[in-house]
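1. What follows is a predicted structure for the sequence shown.
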Amino acid sequence: MKLKCCLNYELDSYTEALKEFPKMEVKLLTEKGKAQCQKIDIFKGLMWFSYEEEFMTWHELTVAKVNEIIAVNKKGKKVASLEEFIEEKIVEDTELFNNVVGQDSLTRFDQPKRSRNRNNKNRNRNKKKKKNA
């Protein structure tokens, strides 16, 4: 649960970031057809659009590219496709999994703990010897 003061701070951040975003209801006109917004990521500055005929295929565009398409549409023109505005991402070759706990072995629990069992047997023997004595 977040404190109300934190939520108010976040609200200001969201509203400030949203100023550059076009309205989600805006449709982009392309030669392939109309495209509508499916999702936005405010802090990454990304929007996902799909063609009305291909609603399952989403195309990730930056807000700047979306605004560029809207500017072309306002002049009464269509862009060829959304695909021509997609920016290639450079993915760094990083390790996808980090072992933060330090437990590398998957079989670390497979080995029985014999030392405890031996100690318990020795204690039981010592107790029996004391009772018999």
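-> Looks like it arrived, so ask away.
2. how many neighbours does the closest residue to residue 41 other than its chain neighbours have?
-> In space, residue 41 comes closest to residue 47 once its chain neighbours are excluded; the distance is 7.7 Å by CB to CB, 6 or more residues apart in numbering. For glycine as for every other residue, the C-beta is placed from the backbone atoms N, C-alpha and C. Residue 47 has 25 neighbouring residues, counting by other CB atoms under 10 Å.
3. Would you mind measuring from residue 20 to residue 79?
-> Distance from residue 20 to residue 79, counting by CB to CB, to the nearest Å: 20 Å.
4. neighbour-wise, which of these two wins?
-> Neighbour count, other CB under 10 Å: between residue 20 and residue 79, residue 79 has more, with 20 against 12.
5. Show me what the helix or strand hosting residue 73 is packed against.
-> Assigned by DSSP states H and E, residue 73 falls within helix 63-74. Counting by 3 or more CB pairs under 8 Å, 6 or more residues apart in numbering; DSSP states H and E, the packing neighbours recorded for helix 63-74 are strand 27-30, strand 46-51.
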